[in-house]
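# Provided below are the primary sequence and the corresponding predicted coordinates.
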Amino acid sequence: MTCGQAYSAPSADASRTPRHSISEVATASGLTAHTLRWYERIGLLDPVDRSHSGQRRYSDADLARLAFLGRLRLTGMTVADMLRYVELAREGDQTYTQRHELLVAHRETVRQQIADLHATLAVLDYKIDLYAGGPAVPSCRETTDRKKRSA
């Protein structure tokens with residue numbers, strides 16, 4: 001499996017064999033090498049294996065975690081919350097309830113963001129439809145002025 005495939009289709013039973021370079025992982029994930037090293041330094045990633053020459057080598061399991069973290073970041077989860085999740089996962093099965101609660105709470109945040117985005121999209125659609133009519137469509141000010149005069 002290539003680095004890109006391992007990142008794009010993460011597996012729960014991903015290989016722990018270190019084989020991907022930092023540049024391959026950066027390309028597959030869209031993260032910079034600096035960010036990958038930072039993730040390792042702060043504990044979002046477990047210490048990455050090194051080659052005999054000291055170069056980082058990532059496993060498919062590392063890529064699976066990066067893919068999951070990327071999804072969490074995409075939803076706006078803070079690095080602190082992602083770190084809390086990773087720390088709980090490291091503690092083992094006894095933290096399932098806490099991880100579940102953290103993800104459920106974040107899901108509610110994401111649902112609210114989606115609702116806000118739908119409302120914003122409706123405004124954009126309205127404005128696009130309004131402007132699609134060209135200059136003959138009255139401006140907001142003209143419409144407001146007309147309403148005041150007719151009132």
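On my side now, so go ahead.

# Ser23: neighbour count?
By other C-beta atoms under 10 Å, the residues close to Ser23 number 13. Yep, even glycine has a C-beta here, placed from its N, CA and C like the rest.

# so who does it touch?
Residues counted as contacts of Ser23 (C-beta atoms under 8 Å, 6 or more residues apart in numbering) are Ala33.

# if I look at it, how far off is Leu124?
Distance of Ser23 to Leu124, computed by C-beta to C-beta, to the nearest Å: 39 Å.

# show me how far stretch 104-116 is from its chain's centre.
13 Å (C-alpha atoms, centre = their mean, to the nearest Å).

# list the buried ones in that stretch?
His106 (16 or more other C-beta atoms under 10 Å).

# same deal with stretch 92-104?
95, 99, 102.

# quick one, longest helix in the protein?
In the chain, assigned by DSSP state H, the helix with the most residues is helix 96-132.

# elements contacting it?
When contacts are defined as 3 or more C-beta pairs under 8 Å, 6 or more residues apart in numbering; DSSP states H and E, helix 96-132 packs onto helix 79-91.
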